[in-house]
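1. sequence and predicted structure are below.
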Amino acid sequence: MILGFVGLLVLLIILPHFLSRYLCELLTQALILSIVAMSLDILLGYTGLPSLGHAVYSGIAAYTTAILLTRYHASFPEVMIASLIVVTIVAALFGLLALRATSHSFLLITIALTMLAWGLAYRWTSFTKGENGIAGITRPDLGLPWDFRVAINFYYLIFICFSIALILMWAVVKSPFGKSLLGIKESPSRMQALGYNIWLHKYMAFVIAGIFSGFAGVLWVYYQGFVSPVDLEGIPSLEVLLMVALGGAGTLFGAIIGAVILVFFKSLVSVHMERWMMLMGIVFILTVIYAPEGISGLARKVYNRLRHSGQSTELPVSKSSM
Amino acid sequence: MFREKRGNAWAVMLLIGVFSMVFLLGPGYATAQVKPIKVGYLAPRTGPAASNAKDMVDAMTMTVDEFGGKIAGRPIQVIVEDTEGKPAVGLVKARKLVIEDGCKVIAGPLLGHVNNAVSPFLNEQKIPFLTNAASPADLTLQNLTPWMIRTVFSGPQLSHPFGEYAYKVMGLRRVATISLDYAFGYDVVGGFCKTFQDAGGKVIQKTWTPLTALDLAPYLAQVDKSADALFSLYWGSFSLRFVKQVVEAGLKGKMAILGGVTTVDEHCLRNMGDEAIGIVSSCNWSAALDTPEAKAYVTAYRKRYNLDPSYYSEMSYSLFKWLFLALQKVDGNVEDSEKLFKAILSLKFNGARGPLELDNYRNANQNVYIRRVDKVGGKLQNTVLHTYPNVKQNWIWPMEEYIKRPEYSRDYPPCPDCK
């Protein structure tokens, strides 16, 4: 698994040199959304909390960043720290509300909280400029010799941020804390019997996931140069959930695959057909029916079967390699 | 076991098929020796404004054909991309048009928030950008970017004359307003209220309905019945419901019903019944306009699409005519952006809707028509009652004063007579 991640990082370093500028921009977008998808995976795949409002933290961080940049002309590090603080507070508050419920009720509360943030961005026009959104954000100037307005330079900046996020989240899920999250997902009652504070574990996972989502939100604003209430609608959150489902929950790797596929699918197929959503829908239905563990799960199954094809065909397929 | 295996194989094959299609269906290569003039057109072809986008694209195709598909021997190639009415998608598509397709001019994208998302990128790329977003008004005021041109109109521009007309000609004194709760609504309602109040009229109530409210009945029920008139701003399916529900609410007949730019535009008038008769509105276009240019355009459009051209059609038509005439001036040299930009700025011509030219803030000065919905020959039309010629975005006020005013919003202009 570690080998796979190293391979992926190497591929991501080399790849942009072979891509056109447009595809490089798309890959940048995919990396940013990968961070959101991975952070949701901590909730969904490791803790078993299906959040349908996870992009809201990206959106809130994006708004914080945009307002700080356009009104106060803050620098990149200042913006990053301030946005992460705001997101941590929001996630801590939202977590208190959302974690009073489990499964479906939890999902509904996360939707409601998203609507709340959207309504605020939409109606508080003096602060957020309402429907028009906040425009005019340029790519960051870090005082380094590289000009981040150049697509490939910006890509590498995002790549570094992506790698940091990936390593940190990897550390979280591999830590004893991450293991206990998995335990809570599998059997909350047993974990409780073992003396774990389930609520606190869930709460911490919720806040951590929110912070990473916010981290991606800051990068998103620099990438887009723009933020509007559309970023706080339910659709982005839904898309992130689809990314995780498509790639396979419970493996950070799957979230990355899902994000890359969704971004490229959306941008490249929609050029050729207006009804690309229908095609996307078919792909999702097929995934749910035939590969409920997502693409990464499917790949693992195929790999296992090939490996054991010489042996008994009745060998059970291992469910997870975690 | 066997079944499951086959199922997985199917899924894998389908996935591979779908994704390889993405790459195989790459853009076709032009075989012509002469390089085409590539223009990108951003339109919300899916989503809530899809029907408006259809009119936009139809009209564009007609303009290209009117020029014989060529300028100075170079074929015109307009690449249309769907923004889905979302800023992020619009930006991706703008990048695709400029970087991947090599478009040297971009037109679109109708919706204000999508415009805000794509405009900084196009500006950075030094691409002339002919916007057809009417709102926000400050695009051609305080927030004018170096490469933007607005050939359509600025949000409040068409409402300013209407406020005065309502007071002086229609003799209205007390008006209530109802409108969609977003930037375009603030601009259109704000512009009307400003001149109506300046003339001496009283705005007694402002109602804002959210974009998510499909049923307007509860809002219409609250409208103050002592008003002389109700000024409204809706579009598309909102308009269809509004004209029906305003009758159901017992307001029609009690007071005059007034409409902003799009409330009874031809694009929804096609689908309206007798309930729309009598609504007075202001717009820069009417399919019943009695000028040689307008008549020729309406005839050609009806012949081709069997529909009356809407305001979206005419706006798109004149935008592309503007661009193509300027391209003719520079011998089709779309690569020299600076020269093309200057040619667009200095151009004056008669669009289907009347004489057009840009002001110093690159917004079009144009005629504003006050119209009334009539039934002529069994069909609804917007009969032109009065023409305000050559209306500027700053109306009668000096530009230096106008640009310093706050943006029109829910709270501006102030409403001292509102309860």
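-> Arrived safely. Residues are numbered from 1 along each chain as shown, chains lettered A, B, ... in the order given.

2. which outside residues touch the strand or helix carrying B:Glu338?
-> For B:Glu338, the enclosing helix or strand under DSSP states H and E is helix B:337-346. Here helix B:337-346 makes contact (Cβ atoms under 8 Å, 6 or more residues apart in numbering or on different chains) with B:104-105, B:126-128, B:130, B:147, B:149, B:322-323, B:326-327, B:329-330, B:333-334, B:358, B:362. No exception for glycine: its C-beta is placed from N, CA and C like everyone else's.

3. put the buried members of the residues you listed into a PyMOL selection.
-> In PyMOL syntax, the buried subset of the contacts of helix B:337-346 is picked out as below (16 or more other Cβ atoms under 10 Å in any protein chain shown):
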select buried, chain B and resi 104+105+127+128+130+147+149+322+323+326+327+329+330+333+334+358+362
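
4. contacting residues around B:Asn143?
-> By Cβ under 8 Å, 6+ apart, the contact list for B:Asn143 reads B:Pro136.

5. can you check the one 4 residues further on too?
-> B:Trp147 makes contacts with B:122-123, B:126-129, B:337, B:341, as judged by Cβ under 8 Å, 6+ apart.

6. change it to 7 Å
-> Listed by Cβ atoms under 7 Å, 6 or more residues apart in numbering or on different chains, the contact set of B:Trp147 reads B:122-123, B:126-129.

7. looking at those, which is nearest chain A?
-> B:Asn123 (9.5 Å; Cβ to the nearest Cβ).

8. so where's the stretch 151-300 of chain B shaky on pLDDT?
-> Along the stretch 151-300 of chain B, no part satisfies pLDDT under 70.

9. what about the residue of it found nearest chain A, neighbour count?
-> Chain A sits closest to B:Tyr182 of the stretch 151-300 of chain B, with a gap of 4.4 Å, by Cβ to the nearest Cβ. The number of residues packed near B:Tyr182 is 21, by other Cβ atoms under 10 Å in any protein chain shown.

10. around chain B, which positions in the stretch 201-322 of chain A sit nearby?
-> By Cβ under 7 Å from any Cβ of the partner chain, the part of the stretch 201-322 of chain A that sits against chain B consists of A:224-226, A:228, A:230, A:265, A:267-272, A:274, A:279, A:283, A:286, A:290-291, A:298, A:301, A:313.

11. so which of those belong to strands?
-> Filtering those for membership in strands, criterion DSSP state E, returns A:Phe226.

12. whichever of the residues of the stretch 201-322 of chain A next to chain B end up buried, select them in PyMOL.
-> With 16+ other Cβ under 10 Å as the criterion, this PyMOL line picks the buried residues out of those:
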select buried, chain A and resi 224+225+226+228+230+265+267+268+269+270+271+279+283+286+290+291+298+301
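
13. picking up where we left off before, just the ones of the contacts of B:Trp147 in strands?
-> Checked against DSSP E, the contacts of B:Trp147 include these in strands: B:Phe129.

14. between the contacts of B:Trp147, which sits nearest B:Lys252?
-> B:Phe129 (41.5 Å; Cβ to Cβ).

15. and the strand or helix carrying B:Ile178, which strands flank it?
-> Element membership of B:Ile178 [criterion: DSSP H and E] is strand B:174-180. Sheet pairing of strand B:174-180 (DSSP bridges) gives strand B:202-209 (parallel), strand B:229-233 (parallel).

16. neighbours of the closest residue in space to B:Gly155 that isn't next to it in sequence, how many?
-> Leaving aside its chain neighbours, B:Gly155 sits nearest to B:Asp187 (2.6 Å; criterion: Cβ to Cβ, 6 or more residues apart in numbering or on different chains). B:Asp187 is flanked by 29 other residues according to other Cβ under 10 Å.

17. isn't B:Asp187 up against B:Pro156?
-> Yes. Judged on Cβ atoms under 7 Å, B:Asp187 makes contact with B:Pro156 at a distance of 4.7 Å.

18. shared neighbours of the two, which are they?
-> With Cβ under 7 Å, 6+ apart as the test, B:Asp187 and B:Pro156 both reach B:137, B:408.

19. is B:Met170 located within a strand, as I assumed?
-> No. Counting by DSSP: H, G, I helix; E, B strand; the rest coil, B:Met170 is located in no strand; its state is coil.

20. ok, it - contacts?
-> By Cβ under 7 Å, 6+ apart, the contact set of B:Met170 is B:Ala256.

21. who in the stretch 151-300 of chain B is up against chain A?
-> Residues of the stretch 151-300 of chain B lying near chain A by Cβ under 7 Å from any Cβ: B:182-183.

22. quick one: the helices in the stretch 151-300 of chain B?
-> Residue ranges of the helices in the stretch 151-300 of chain B, as given by DSSP state H, counting those that start in this stretch, are B:160-168, B:183-199, B:217-220, B:236-248, B:266-269, B:292-305.

23. most tightly packed of the ones you listed?
-> helix B:183-199 (a mean of 25; mean count of other Cβ atoms under 10 Å in any protein chain shown).

24. only C-alpha atoms, please: export it in CSV.
-> Extracted C-alpha coordinates of helix B:183-199, given in CSV (Å, rounded to 0.1, in the frame of the first residue of the first chain):
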residue,chain,number,x,y,z
ALA,B,183,-28.7,41.0,-7.9
PHE,B,184,-30.6,41.4,-11.2
GLY,B,185,-33.8,41.9,-9.3
TYR,B,186,-32.2,44.6,-7.1
ASP,B,187,-30.9,46.4,-10.3
VAL,B,188,-34.1,46.3,-12.2
VAL,B,189,-36.4,47.2,-9.3
GLY,B,190,-33.9,49.7,-7.9
GLY,B,191,-33.6,51.6,-11.2
PHE,B,192,-37.4,51.9,-11.4
CYS,B,193,-37.9,53.0,-7.8
LYS,B,194,-35.1,55.6,-8.1
THR,B,195,-36.6,57.6,-11.0
PHE,B,196,-40.1,57.0,-9.9
GLN,B,197,-39.4,58.4,-6.4
ASP,B,198,-37.3,61.2,-7.9
ALA,B,199,-40.3,62.2,-10.0
